[in-house]
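Engineer: missing the sequence, but the structure's below:
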């Protein structure tokens, strides 16, 4: 079962007038699409499952840092003492994470924690085109409207 949600926004100029040209509407669409692409989670996706303990997150992030990784995004959750954390990582340079780095992380984390690679762009580069053709993807809009487009203002969201 796939759950979906949608929001509809009414966007107007700061003076309250609607967008009045197709070029203006197309420019807004391009800006929104670019903002969404900047906020998608790309890179290595690692899922960590283990029992919760004091200092766990600090230890994990230290291991990532010591291996030259940058956390692009993280989902941290704990349920009844079990941690399920998902990290989206890249090399500090922005490059994809190498297999030897993943092996090093696994060695440092140890056997008491289950570490699973959920997505690795190096291994899945050929599959990426196929999934994009299907239109699949999750987008986190974040603060798209934090820096509004010149002369355009978000009036109100409608759900």
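Structural biologist: Cool, the structure landed. Every value quoted in this text rests on a predicted model; they were computed, and no experiment measured them. Residues are numbered from 1 along each chain as shown.

Engineer: now do the strands in this protein.
Structural biologist: Under the criterion DSSP state E, the chain carries strands at the ranges 8-13, 44-51, 69-79, 82-91, 114-119, 152-158.

Engineer: go through the protein and flag its longest helix.
Structural biologist: Scanning the chain for the longest helix, with DSSP state H as the assignment, gives helix 22-39.

Engineer: coming back round to it: nearest to residue 34, out of the strands of the chain?
Structural biologist: Taking Cβ to Cβ as the measure, those were each checked against residue 34, and strand 152-158 came out nearest at 14.5 Å. Placement of C-beta: from N, CA and C, glycine included.

Engineer: tell me the mean pLDDT over the closest one?
Structural biologist: Per-region confidence: strand 152-158 scores 46 on mean pLDDT.

Engineer: likewise stretch 20-38?
Structural biologist: Regarding stretch 20-38, the rounded mean pLDDT is 81.

Engineer: equivalent analysis for stretch 67-83, please.
Structural biologist: pLDDT averaged over stretch 67-83 equals 89, rounded to a whole number.

Engineer: show me what counts as buried in it.
Structural biologist: With burial defined by 16 or more other Cβ atoms under 10 Å, the residues of stretch 67-83 counted as buried are 67, 69, 72-74, 83.

Engineer: nearest to residue 10, of the residues you listed?
Structural biologist: Nearest to residue 10 among the buried residues of stretch 67-83, counting by Cβ to Cβ, is residue 73 at 29.1 Å.

Engineer: for the closest one, which non-adjacent residue is spatially closest?
Structural biologist: residue 88 (4.4 Å; Cβ to Cβ, 6 or more residues apart in numbering).

Engineer: how many neighbours does the one you found have?
Structural biologist: Taking other Cβ atoms under 10 Å as the criterion, the count of residues near residue 88 is 19.

Engineer: again with residue 64
Structural biologist: Counted with other Cβ under 10 Å, the neighbours of residue 64 add up to 19.

Engineer: thought it was touching residue 58?
Structural biologist: No: under the criterion of Cβ atoms under 8 Å, residue 64 makes no contact with residue 58, lying 11.0 Å away.

Engineer: hmm, back to that, which parts of the longest helix of the chain are buried?
Structural biologist: Of the residues in helix 22-39, those buried by neighbour count under the rule 16+ other Cβ under 10 Å are 32, 35.

Engineer: next, give phi and psi for the closest residue to residue 104 other than its chain neighbours.
Structural biologist: When the adjacent residues along the chain are set aside, residue 104 lies closest to residue 67, with 5.7 Å between them (Cβ to Cβ, 6+ apart). In terms of degrees, to the nearest 10, the main-chain angles of residue 67 are phi -100, psi 10.
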